[in-house]
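A.B. asks: Sequence first, then the predicted structure, then my questions.
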Amino acid sequence: MMRPLFTVIDAAVVAGLIVLSILIPILKGDEPPGMLIIHEGGHVREVELERWATIEAEGPLGVTRFEVDGDGRVSVIKAPCPNRLCVSMGPIAESGEVIVCVPNRVALEVAGGKGGVVDAVSR
Amino acid sequence: MPYRGDPRNLFLARAGLFVALAATLQAVESLIPSPAPWLRLGLGNALVLAALILWGFRGGFLVATGKVLLGSLIAGRLISHLFLFSLSGTYSSLFMMALAMALLPRMGYVGLSTLGAVAHSLAGLAVASVILMGPAVWSLAVAVLPAAVLSGAVTGVAAWYLVKLSGGRVKALPVEGEDIRG
């Protein structure tokens, strides 16, 4: 018996796979809130990126103040360092992004939550 | 004139032809520029499906193994992490198609090939999530799976045409249901 090219079963399978590929992202649902890893001096602490907050980190030069907005974006709003690169680095939100203030020995890193940032894909 | 010698020689020659075709198609496809690494037609899998249908699991396994080893060797990715993608994808696709053939005798080429292509892509995502980027790659599934369904359907038609040709017009091709054990 020659196997057919396309039957009702095939149509069902193809339709099912298309529906599945649409359903996967919907069923995945809400991601857990991301975490913000704060390095200050030698210490490391973590806070959840759930709601609006202003957080301060101590460094040798003074206090670095940063803000978490309701959407999980983190930005430095006040820094004691001379050129304020950390302030101009703008908000970070996605897993793997970092803001570093070298003079004040403070680093902020987002982990988890919204998908990772892929710089490049090599093949 | 039909071949009257040892049928094992016939199988060897035909399976060799299939392996050569599959490996060449895989290698050539990997040279074609593509906007994304997972966006490929996968015509080499048409040969694996045709071998599965003509010779059963043994033949399919042989062609799949030959395809992945030789194809990766020609394309220069045998000793690289890319080889893991070919290897896992090809075998997942082979097992998925063999399973579907056994469970659903009335399923056609398009359905089998589509299932195989989706298994290939899911294996690729699984490998990528382990060795490259972590679970974030699963969000790519939205784009990867529809592409796999489409390329699987095209590949299925190609496999169907290949087996159709093997009815006699192309003498080098095997005939459906022929005994390969000899």
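C.D. replies: Received, thanks. Computed from a predicted model, the values in this text were never measured in an experiment.

A.B. asks: Please pull up the helix or strand immediately following the helix or strand of chain B with the lowest mean pLDDT.
C.D. replies: When each helix and strand of chain B is scored by mean pLDDT, DSSP states H and E, helix B:7-31 comes last, with a mean of 89. Following helix B:7-31 in sequence order, the next helix or strand is helix B:44-55 (DSSP states H and E).

A.B. asks: other SSEs contacting that following helix?
C.D. replies: Based on contacts counted as 3 or more C-beta pairs under 8 Å, 6 or more residues apart in numbering or on different chains; DSSP states H and E, the elements that helix B:44-55 packs against are helix B:7-31, helix B:57-75, helix B:81-103, helix B:109-131, helix B:141-165. Heads up, the C-betas are built off the backbone N, CA and C, glycines and all.

A.B. asks: about what we covered before: any buried residues in the least confident helix or strand of chain B, and which?
C.D. replies: By neighbour count with 16 or more other C-beta atoms under 10 Å in any protein chain shown, helix B:7-31 contains the buried residues B:10-11, B:14-15, B:18-19, B:21-27, B:29-30.

A.B. asks: Low-confidence stretches in the chain?
C.D. replies: Using chain A. Across chain A, residues meeting the criterion (pLDDT under 70) sit at A:1, A:25, A:28-33, A:113-123.

A.B. asks: actually it's chain B I care about, not the one you picked
C.D. replies: In chain B the weaker segments, taking pLDDT under 70 as the threshold, are B:1-2, B:133, B:167-182.

A.B. asks: can you list the residues of it near chain A?
C.D. replies: On the criterion C-beta under 8 Å from any C-beta of the partner chain, chain A has as its neighbours in chain B the residues B:36-37, B:53, B:82, B:104, B:106-111, B:114-115, B:118, B:133-134, B:136, B:138-139, B:141-142, B:145-146, B:148-149, B:153, B:156-157, B:160, B:163, B:176.

A.B. asks: Out of the residues you listed, which end up buried?
C.D. replies: Among these, those that count as buried by neighbour count (16+ other C-beta under 10 Å) are B:53, B:82, B:104, B:107-111, B:114-115, B:118, B:133, B:136, B:138-139, B:141, B:145-146, B:148-149, B:153, B:156, B:160, B:163, B:176.

A.B. asks: pretty sure A:Ile24 is touching B:Leu140, no?
C.D. replies: No: between A:Ile24 and B:Leu140 there is no contact, the gap being 10.4 Å when judged by C-beta atoms under 8 Å.

A.B. asks: Of those two, give the one with the bigger neighbour count.
C.D. replies: Summary of the neighbour comparison: A:Ile24 and B:Leu140, criterion other C-beta atoms under 10 Å in any protein chain shown, with B:Leu140 having more neighbours (20 against 14).

A.B. asks: quick one: contacts for the more buried one?
C.D. replies: Taking C-beta atoms under 8 Å, 6 or more residues apart in numbering or on different chains as the criterion, B:Leu140 is in contact with B:Trp38, B:Leu125.

A.B. asks: Can you tell me how far it is from A:Glu97?
C.D. replies: Computed with C-beta to C-beta, to the nearest Å, the distance linking B:Leu140 and A:Glu97 is 19 Å.

A.B. asks: B:Phe95 and B:Ser88: what is the separation?
C.D. replies: Here the criterion is C-beta to C-beta. By it, B:Phe95 lies 11 Å from B:Ser88.

A.B. asks: What sits closest to the residue positioned nearest the centre of chain B if chain neighbours are left out?
C.D. replies: Centre of chain B computed as the mean C-alpha position; nearest residue by C-alpha atoms, centre = their mean is B:Asn45, 2.0 Å away. Of all residues not flanking B:Asn45 in the chain, B:Thr155 sits nearest, at 5.3 Å (C-beta to C-beta, 6 or more residues apart in numbering or on different chains).
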